[in-house]
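Asks: sequence and predicted model, in that order:
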Amino acid sequence: MENQQQQENNKIRVNARPGEMPPFWDRNIVFFANLLSIFYGNNGKTEMLKQEVGGLETYGGRLIPILNLLFRGGGENLLVLEAPPDKVLLDHYTRTLGLQVPKLEILSHTSYKTLCEKRTEKDETKQVIERIKNHPANWIDGFVTDATLVDIANFLGKKTTSTPDGSRFGNNKLLLHLNLAEKGFPVFDTVTAESHEEVSCCLEELRCRGFSKAVIKSQVGASGIGMVKVSTEIEKNIEIPDYFFLDGECLVQGWLDESVKDVQCTGSPSVQMFLDEDTVHLYDITEQILSGDSVHEGNISPPIYIASRDDIKDELLLQGAEAGKWLHRQGYRGTASADFLVIDREGKTQVFVCEINARVTGATYPSVLVRHFMPEGAWLMRNIRFNPSVPSKKIMELFEKAEVFYRPEKSDGIIPINFNEEEERIVHKGQLLCLGPNTEVCAKILEQVTNIIPTGFVYDRD
């Protein structure tokens, strides 16, 4: 078995060229923005994601400006969204940025789950399904390849980009951890808990190893869902939601920060990758912007410390390559990202893989757009929540008046990637991308943009 895995590994090539756009798919696609499926039927996690993030149906709009950059078959791509996109942004993509956008259809998540059923009550839904069925693309994809997407592919007579096991196993934190440990890479101090009752014992063990804090992780999670940071000093059983254990035993890991003796945190970088049939492409290195609870709120690229630390860059690419090859072996194909923690401990730098996100991630959109427009450029992306909400037309008019928009002939500016709307064209959150020759310029652009915002705002989770 080990020899077979080594042979498979040798067949997988690695192309590590941060800052260079990889050769994305030479095919056309029907892409379902099935974000509500990212927990593969774990309803507890899905409901928590709805409560914590909100407006999930509108997140698929982030795919509009990049789908034709990812799938370049020369024909028409079709993006199936769960909610209508903002028309003001659609116009901006094409008129101001000169981007080609895919054809769009709107299908609710409920209809997505029942698309293969022959009977449907709404004629409008019937027409959407018929148009999807008649689309000429031979391939189908989504944020995740769940059982529903496989059924739809069979129903439509199309092929999925990834296998269902590749998608699900590729997002599994425990499987990745075990692979890295087996290969001798640095891993977090980890014990596993099969039930609520075992969590306290795991915390006690980590406390004895010198950790005052720990993180409990479900095997599959996203956007902070399925992860909770706790103190190891808790004496009684800590309450962990049942849905944490539906994927199997949980990881309980020692939390590395300045509370651990002789540890200093350097950063939380992320390596962007694309997996085709035979190659793992590593095409960007970003720094994650995290909340106090380590939830993703944005990215900046390149990380400031990378310029003077070739040793860190080399280690990120080395471990990113191994994580990418592992992901490839699972059967996953497409864009992904590997998240890391970099620390200095007793004068030595250590790099740890935290997880892989096997899907189009929050960093995919800005990275692909920037590498398309400014291959050598820097970028900064933030999620901004408006308080109170504001019409999209007003936001865009103010940005236009202040001349902050990026245009292909300019050297810097902003691109609104997407707006999350409470109702038609009333925006409660947006993903704003700042482009420039370096990160300092990007930071100044963000400051200028936030000074223009006509309401209060906070930086928010992805």
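Replies: Sure, I can see it.
Asks: drop to CA atoms for contacts and neighbour counts, all remaining ones
Replies: Noted.
Asks: which ones are touching the closest residue to residue 213 other than its chain neighbours?
Replies: Spatially, and ignoring its direct neighbours in sequence, residue 213 is nearest to residue 231 (4.4 Å; Cα to Cα, 6 or more residues apart in numbering). If you count contacts by Cα atoms under 8 Å, 6 or more residues apart in numbering, residue 231 has them with 212, 213, 214.
Asks: over to residue 426: give its phi and psi.
Replies: phi -110, psi 110 (degrees, to the nearest 10).
Asks: neighbours around it, how many?
Replies: 18 (other Cα atoms under 10 Å).
Asks: enumerate every residue touching the residue lying closest to it once chain neighbours are set aside.
Replies: Counting by Cα to Cα, 6+ apart, residue 391 is the residue found nearest to residue 426 once chain neighbours are left out, at 4.3 Å. Contact partners of residue 391, counting by Cα under 8 Å, 6+ apart, are 425, 426, 427.
Asks: between those, which is closest to residue 265?
Replies: residue 427 (35.7 Å; Cα to Cα).
Asks: so where's the protein uncertain?
Replies: Within the chain, the stretches with pLDDT under 70 are 1-10, 118-124, 235-237, 424.
Asks: what do you get if the cut-off is 50, keeping everything else the same?
Replies: Of all residues in the chain, those with pLDDT under 50 make up the ranges 1.
Asks: domain map for it?
Replies: Domain assignment for the chain by automatic domain parsing gives 26-160, 189-254, 263-357, 377-459.
Asks: distance to residue 176 added to these, as CSV?
Replies: Shown next, in CSV, are these (distance: least, Cα to Cα, whole Å):
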stretch, distance to residue 176
domain 26-160, 17
domain 189-254, 10
domain 263-357, 7
domain 377-459, 27
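Asks: residue 166: which of those domains is closest?
Replies: domain 263-357 (4.0 Å).
Asks: quick one: the helices in the stretch 151-300 of the chain, in order.
Replies: Secondary structure of the stretch 151-300 of the chain (DSSP state H, counting those that start in this stretch): helices located at 164-170, 173-182, 196-208.
Asks: among those helices, which is the most enclosed?
Replies: Of all the helices of the stretch 151-300 of the chain, helix 164-170 carries the top mean neighbour count, a mean of 22, counting by mean count of other Cα atoms under 10 Å.
Asks: report the distance from that one to the chain centre.
Replies: 15 Å (Cα atoms, centre = their mean, to the nearest Å).
Asks: if we can go back for a sec, restricted to strands, list the contacts of residue 231.
Replies: 213, 214 (DSSP state E).
Asks: gap between the closest residue in space to residue 414 that isn't next to it in sequence and residue 206?
Replies: Once flanking residues are discounted, residue 414 sits nearest to residue 434: 4.4 Å by Cα to Cα, 6+ apart. Distance, residue 434 to residue 206, using Cα to Cα, to the nearest Å: 41 Å.
Asks: for residue 223, see how far away the residue nearest to residue 213 is.
Replies: Residue 231 is 21 Å from residue 223, by Cα to Cα.
Asks: one more: residue 214?
Replies: From residue 214 to residue 223 the distance is 18 Å (Cα to Cα).
Asks: have a look at those two and say which one is more surrounded.
Replies: residue 214 (23 against 16).
Asks: ok, that one - contacts?
Replies: Contacts of residue 214 (Cα under 8 Å, 6+ apart): 203, 206, 229, 230, 231, 232, 252, 253, 254, 255.
Asks: in the protein, spot the helix with the most residues.
Replies: As assigned by DSSP state H, the longest helix anywhere in the chain is helix 310-330.
Asks: that helix vs helix 173-182, what angle?
Replies: 120 degrees (axes from the mean of the first three to the mean of the last three Cα atoms, to 10 degrees).
Asks: what packs against helix 310-330?
Replies: helix 2-11, strand 13-16, helix 164-170, helix 173-182, strand 269-275, strand 279-290, strand 334-345, strand 348-357 (3 or more Cα pairs under 8 Å, 6 or more residues apart in numbering; DSSP states H and E).
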